[in-house]
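*Asks:* Following is a predicted model, sequence given first.
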Amino acid sequence: QVQLVESGGGLVQAGGSLRLSCTASGRTFSIYNMGWFRQVPGKEREFVATISWNSGSTYYADSVKGRFTISRDNAKNTMYLQMNSLKPEDTAVYYCAVDPVVSTIKARYWGQGTQVTVSS
């Protein structure tokens, strides 16, 4: 079992930046691919970014490409999402995920989510 705790969300003006963190319990963090997803109330959860277990590969949704950067520090059991040039449409609850399934919104484990609100 892996438990995930997200932090770093908040309220920011359009054009601003936030960095989300996701810290995992357990010793097996480093063997899993990880990902960030987001969800707006009333809409389906959507993919934001993923990173391979050794940081060798990263993938981004087209909507965030060039603005968001996913990274991880396996020694700290922590994954990050640096979000720059934020837009109001980035407003959502952001979830970190362990072992996300490619091209789906399924994952082995989910965090509880952290709210990001971007004001115009």
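*Replies:* Arrived safely, thanks for sending.
*Asks:* Could you list everything the residue sitting nearest the centre point of the chain pairs with in the sheet?
*Replies:* Relative to the mean C-alpha position of the chain, the nearest C-alpha, by CA atoms, centre = their mean, is the one of Trp36, at 2.6 Å. Taking DSSP bridges as the rule, Trp36 bridges to Ala49, Cys96.
*Asks:* can I assume it is in contact with Ala49?
*Replies:* Yes. Trp36 is within contact range of Ala49, at 5.0 Å (criterion: CB atoms under 8 Å). Any C-beta I mention is one placed from the backbone N, CA and C, and that applies to glycine too.
*Asks:* between those two, what contacts are shared?
*Replies:* Counting by CB atoms under 8 Å, 6 or more residues apart in numbering, the contacts common to Trp36 and Ala49 are 70, 81.
*Asks:* Identify the residues contacting the residue nearest to the centre of the chain.
*Replies:* Neighbouring residues of Trp36 by CB under 8 Å, 6+ apart: 20, 22, 48-50, 70, 79, 81, 94-97.
*Asks:* same deal with Cys96?
*Replies:* Per CB under 8 Å, 6+ apart, neighbours of Cys96: 4, 6, 20, 22, 34-37, 79, 110-111.
*Asks:* just to revisit the earlier point, now, among the contacts of Trp36, which is nearest to Thr117?
*Replies:* Thr117 has its nearest neighbour among the contacts of Trp36 in Tyr94, at 10.9 Å by CB to CB.
*Asks:* Could you measure from the residue nearest to the centre of the chain over to Thr58?
*Replies:* Here Trp36 is placed at a distance of 11 Å from Thr58 (CB to CB, to the nearest Å).
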